[in-house]
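*Asks:* Have a look at this prediction, sequence included:
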Amino acid sequence: MTEQQIVDLIDSSLAEEFELDRAAMQPEANIYEDLGLDSLDMVDMVIVLEGAFKFKIREEDAIREIRTLGDIHRFVTGKLQGAGALD
Amino acid sequence: MPDSAVTSLSSPPVSGPFPRLGPWALLMNAVAYPLLVLWTLLGMALFSPGLLLWKLVTRWSTGRIMRHFIWIYGRGWLLLMAPFVRFRRKGFAGLDLSSPVIFVVNHQSFFDTYCMGLLPVFDVTFAVRSWPFRMVWYRWFMRLAGYLDVESTSWEEIESAGRAVLDGGGHLLFFPEGHRSRDGRLQRFYNGAFHVAVASGRPVVPLCLDGTGKLLPPGRLSLRPGSVSLTALAAIDSRSFAGENGPRELRNLVRTRLAEALAEQVREGRG
């Protein structure tokens, strides 16, 4: 999987789950202030990402540090890179 | 039905300027809030002796007694509002509530929780966000009733507590929109209720609450006379939604059913 494919899958999965406006889904977008997500959504976001990428991330502390969509891109890319799943 | 189609089926917007309050509405506002305060104070005063009496007579747990008291409190509020608001309950006749279910309700007003006094069962544990627990005059009673704070508690604990409620014979109630709708439209649903439903295998009963958004919309303090209906839709067997995407599919089905029911209420209102 390439980095662009990862970004596209993240964005499409989150857009579908949270009914997000794709135009607003820029890497610098704050997931709370710009995309309108909240603390309850974080649980659903983890489940969506786990389903999309077939990994387990719910126990990872780094999730609590996520603030922007770009943070999610970097977090997932790093996770897949660590698992050797990146082209 | 795709989500975009669901979103288009909704109650009419209730935002925007309200027309002037008529004499009946003015009277309602003059008496409804003071009566609510008096009713709340009376409930607080009677709570301790009532708890002791119920314990002696029923031998119920404190949580079950508190849920009964809260249901009675809601019934009292309905009675106080009855001169100004016509309350109706529909669709419960064919519903089997002898076994635990998960109620899922749309959310339009602060008073939606009070309207749960319309339910024909009292042993209902509410799963709500943190802010209702910040109301000091209710917080203690909510804690005693075992209400679930879905915002401040980990999801594993909520799921475990929810299953314990259901296994103990009680019902669960969620407002899956999480927030009151600002424009009357059905909002996006959180998944929590549907994860509990699939994990427990208990039926989901969608409840369509209509009229509270006009009674007291979010951001306003003035009440308006009108009618409120609580309609129970057909129960949905959550056991048909096993699998990874099961909770989301169940969520989408419930949302579709509620959106259709709300649209039907709007058509009836215009008819």
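*Replies:* Perfect, thanks for sending it. Residues are numbered from 1 along each chain as shown, chains lettered A, B, ... in the order given.

*Asks:* Pull out the buried positions in stretch B:125-140.
*Replies:* Judged by neighbour count using 16 or more other CB atoms under 10 Å in any protein chain shown, the buried positions of stretch B:125-140 are B:125-129, B:133, B:138. (Glycine included, C-beta is placed from N, CA and C.)

*Asks:* need the residues of the stretch 151-271 of chain B near chain A, please.
*Replies:* B:151, B:155, B:178, B:188, B:190-192, B:244-245, B:248 (CB under 8 Å from any CB of the partner chain).

*Asks:* and those, which are buried?
*Replies:* Looks like those have B:155, B:178, B:188, B:190-192, B:248 buried, using 16+ other CB under 10 Å.

*Asks:* Now render those residues as CSV, adding pLDDT and secondary structure.
*Replies:* Below are those laid out as CSV (pLDDT from 0 to 100; DSSP: H, G, I helix; E, B strand; the rest coil):
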residue, pLDDT, secondary structure
B:Trp155, 80, helix
B:Gly178, 86, coil
B:Arg188, 89, coil
B:Tyr190, 91, coil
B:Asn191, 90, coil
B:Gly192, 90, helix
B:Arg248, 90, helix
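
*Asks:* Using TSV, please lay out the residues you listed together with distance to B:Phe87.
*Replies:* What follows is these, written out as TSV (distance: CB to CB, whole Å):
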residue	distance to B:Phe87
B:Trp155	35
B:Gly178	25
B:Arg188	28
B:Tyr190	27
B:Asn191	31
B:Gly192	28
B:Arg248	34
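
*Asks:* tell me the two of the residues you listed that are most distant?
*Replies:* Maximum pairwise distance among those (CB to CB): 17.7 Å, between B:Trp155 and B:Arg188.

*Asks:* picking up where we left off before, out of the buried ones among the residues of the stretch 151-271 of chain B next to chain A, which one sits closest to B:Ala263?
*Replies:* Out of those, the member with the shortest distance to B:Ala263 (by CB to CB) is B:Arg188, at 17.4 Å.

*Asks:* wait, isn't the closest one in contact with A:Glu16?
*Replies:* No. Applying CB atoms under 8 Å as the test, B:Arg188 and A:Glu16 come out as separate, 11.3 Å apart.

*Asks:* what pLDDT does B:Gly184 get?
*Replies:* Turning to B:Gly184, the model gives it a pLDDT of 71.

*Asks:* From B:Glu177, how far off is it?
*Replies:* For B:Gly184, the distance to B:Glu177 (CB to CB, to the nearest Å) stands at 12 Å.
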